[in-house]
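Engineer: pasting the structure only:
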């Protein structure tokens, strides 16, 4: 009886499969363990990658039993355990003074946060913002917003400088945080921050945070049935989006909107007049200021005040120089500035507002310098001076006396 090609193929295939199965069985016998009678007592071999949680009393026992992992070394734990708590827990020993921090801040931080912690471009401001938290657009800085100094220390030490995190030593971090405190007028220039006096520093917004109790205080919002219709007896317009023209109008509202628009126009006119008036006043008073500057012989400054002013001037040294060999830097050199006409240093590129004021006859009398140094941007809108200003009267008196001691 002849066999068809199909039947021969079937037989050949069957023989091949049988051979493969036989080989697999023989091969597997060498590696498959017998199954215990009680599955709950199954124990994996020592070199197994599978750990039975039911069979391990602890992670340490599991590691010892199965050869997985090892105990963390003390130095590894120390490297991971970086957090600092508000009560000072986690602070390492160390210290750093304001002026060491000034140098370190200029080297590591100023490129993003500005020489005076005033911020650059979209990088955050670290200083300023005092009494602004209730404003429509508050300025939240270390000095105005952060409730705990530990937050600043921990963040600088853990995450800064940008791109080179954890490269600062504990002493470096203490110094930089001391400088940030100084930039916020929270400490004096001779202050040294350390692990010993860390908790003595009072942050202005320490009481500005509350415990989050929404899980109990607002629990009814989550459990009550929400109102879906007729939830209020009446609907009233409490605010108006007049600029966007999206608030529904009625006759009384139009009168109100008209009055509001007139008030806004009047306010704008007053504001514009004030800005213009600043220039006009400078022009009108320029002659008087010049006469006063020329006719008044300035008395020699008090040596003690000059010495104090040298310390205050450290805030200015990153941009200005005085004394022999003084040169223009980011700001002009300041030899002879007291009593001199504004913008008098040849070759220095002043801001347009200062050039305009100089053309109007502005003279840097002690009174004008005092007003400018107290609030540069408020005194002269558009100035390139990024310094936030000196807040203390004694600092203003001292630095002006110090500048007055340098002639042309």
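Structural biologist: Yep, that arrived. Please read these numbers as outputs of a predicted model, since none were measured by experiment.

Engineer: what about residue 369, how many neighbours?
Structural biologist: Neighbours of residue 369 under the rule other CB atoms under 10 Å: 21. The C-beta positions use only the backbone N, C-alpha and C, and glycine is treated the same way.

Engineer: so how far is residue 366 from the closest residue to it other than its chain neighbours?
Structural biologist: Using CB to CB, 6 or more residues apart in numbering and skipping the chain neighbours, the partner closest in space to residue 369 is residue 400 (5.6 Å). Per CB to CB, to the nearest Å, residue 400 is found 5 Å from residue 366.

Engineer: hey, what's in contact with both of those two?
Structural biologist: The contact sets of residue 400 and residue 366 overlap at residue 338 (CB atoms under 8 Å, 6 or more residues apart in numbering).

Engineer: and the helices in the stretch 201-350 of the chain, which stretches?
Structural biologist: Ranges of helices within the stretch 201-350 of the chain are 214-217, 219-223, 251-295, 303-312, based on DSSP state H, counting those that start in this stretch.

Engineer: worst mean pLDDT among these?
Structural biologist: Between the helices of the stretch 201-350 of the chain, the one with the least mean pLDDT is helix 251-295; it has a mean of 45.

Engineer: domain parsing for this protein?
Structural biologist: Using automatic domain parsing, the domain ranges for the chain come out as 1-32, 34-73, 85-200, 285-404.

Engineer: tell me if I'm right that residue 372 and residue 390 touch.
Structural biologist: No. Between residue 372 and residue 390 there is no contact, the gap being 10.1 Å when judged by CB atoms under 8 Å.

Engineer: where does the stretch 301-408 of the chain have low pLDDT?
Structural biologist: Applying pLDDT under 70 to the stretch 301-408 of the chain flags the ranges 386, 408.

Engineer: so which residues of the protein form strands?
Structural biologist: Secondary structure of the chain (DSSP state E): strands at 95-97, 192-194.

Engineer: any chance of CSV for the ones you listed, columns mean neighbour count?
Structural biologist: Below are the strands of the chain laid out as CSV (neighbours: other CB atoms under 10 Å):
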stretch, mean neighbour count
strand 95-97, 20
strand 192-194, 21
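
Engineer: can you list the ones you listed in JSON lines and add distance to residue 120 and mean pLDDT?
Structural biologist: Shown next, in JSON lines, are the strands of the chain (distance: least, CB to CB, whole Å; pLDDT from 0 to 100):
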{"stretch": "strand 95-97", "distance to residue 120": "23", "mean pLDDT": "97"}
{"stretch": "strand 192-194", "distance to residue 120": "25", "mean pLDDT": "97"}
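
Engineer: now those strands as TSV including distance to residue 136?
Structural biologist: Shown next, in TSV, are the strands of the chain (distance: least, CB to CB, whole Å):
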stretch	distance to residue 136
strand 95-97	37
strand 192-194	34
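
Engineer: so which of the ones you listed gets nearest residue 404?
Structural biologist: Nearest to residue 404 among the strands of the chain is strand 95-97; the distance by CB to CB comes to 28.1 Å.

Engineer: what pairs with the closest one, and is each one parallel or antiparallel?
Structural biologist: Paired neighbours of strand 95-97 in the sheet (DSSP bridges): strand 192-194 (antiparallel).

Engineer: what's in contact with the strand it pairs with?
Structural biologist: With CB under 8 Å, 6+ apart as the test, strand 192-194 has contacts from 94, 95, 96, 97, 98, 174, 175, 177, 178, 181, 187, 201.

Engineer: swap in stretch 201-218?
Structural biologist: For stretch 201-218, contacts defined as CB under 8 Å, 6+ apart pick out 130, 133, 143-149, 181, 186-187, 193.

Engineer: ok, residue 407 - how many residues close by?
Structural biologist: The number of residues packed near residue 407 is 8, by other CB under 10 Å.

Engineer: typed the wrong thing, it's residue 71
Structural biologist: Residue 71 has 11 nearby residues by other CB under 10 Å.

Engineer: what do you get for residue 160?
Structural biologist: Per other CB under 10 Å, the neighbour tally for residue 160 reads 19.

Engineer: now do it, the pLDDT please.
Structural biologist: 95.

Engineer: ok, residue 299 next?
Structural biologist: pLDDT, read off for residue 299, is 70.

Engineer: quick one on the thing from earlier: same list (the contacts of strand 192-194) but as CSV, adding distance to residue 342.
Structural biologist: Listed next are the contacts of strand 192-194 as CSV, based on distance: CB to CB, whole Å:
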residue, distance to residue 342
94, 45
95, 42
96, 38
97, 35
98, 31
174, 40
175, 36
177, 37
178, 35
181, 33
187, 33
201, 39
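
Engineer: now for the contacts of stretch 201-218, which sits with the most neighbours around it?
Structural biologist: When neighbours are counted by other CB under 10 Å, residue 193 leads those with 28 neighbours.

Engineer: got the contact list for the nearest residue to that residue once chain neighbours are set aside?
Structural biologist: Of all residues not flanking residue 193 in the chain, residue 178 sits nearest, at 4.0 Å (CB to CB, 6+ apart). For residue 178, the contacting residues are 96, 97, 98, 100, 101, 187, 191, 192, 193, by CB under 8 Å, 6+ apart.

Engineer: recalculate using a threshold of 7 Å.
Structural biologist: Neighbouring residues of residue 178 by CB atoms under 7 Å, 6 or more residues apart in numbering: 96, 97, 98, 101, 187, 191, 192, 193.

Engineer: switch those over to CSV; also include distance to residue 327.
Structural biologist: Below are the contacts of residue 178 laid out as CSV (distance: CB to CB, whole Å):
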residue, distance to residue 327
96, 30
97, 28
98, 26
101, 25
187, 31
191, 30
192, 32
193, 33
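
Engineer: in the residues you listed, find the pair that's most separated.
Structural biologist: Distances among these were taken as CB to CB; the most separated pair is 96 and 187, at 12.0 Å.

Engineer: gap between residue 72 and residue 91?
Structural biologist: Distance of residue 72 to residue 91, computed by CB to CB: 22 Å.

Engineer: wait, residue 358 sits on residue 341?
Structural biologist: Yes. With contacts counted by CB atoms under 7 Å, residue 358 reaches residue 341, the gap being 6.4 Å.
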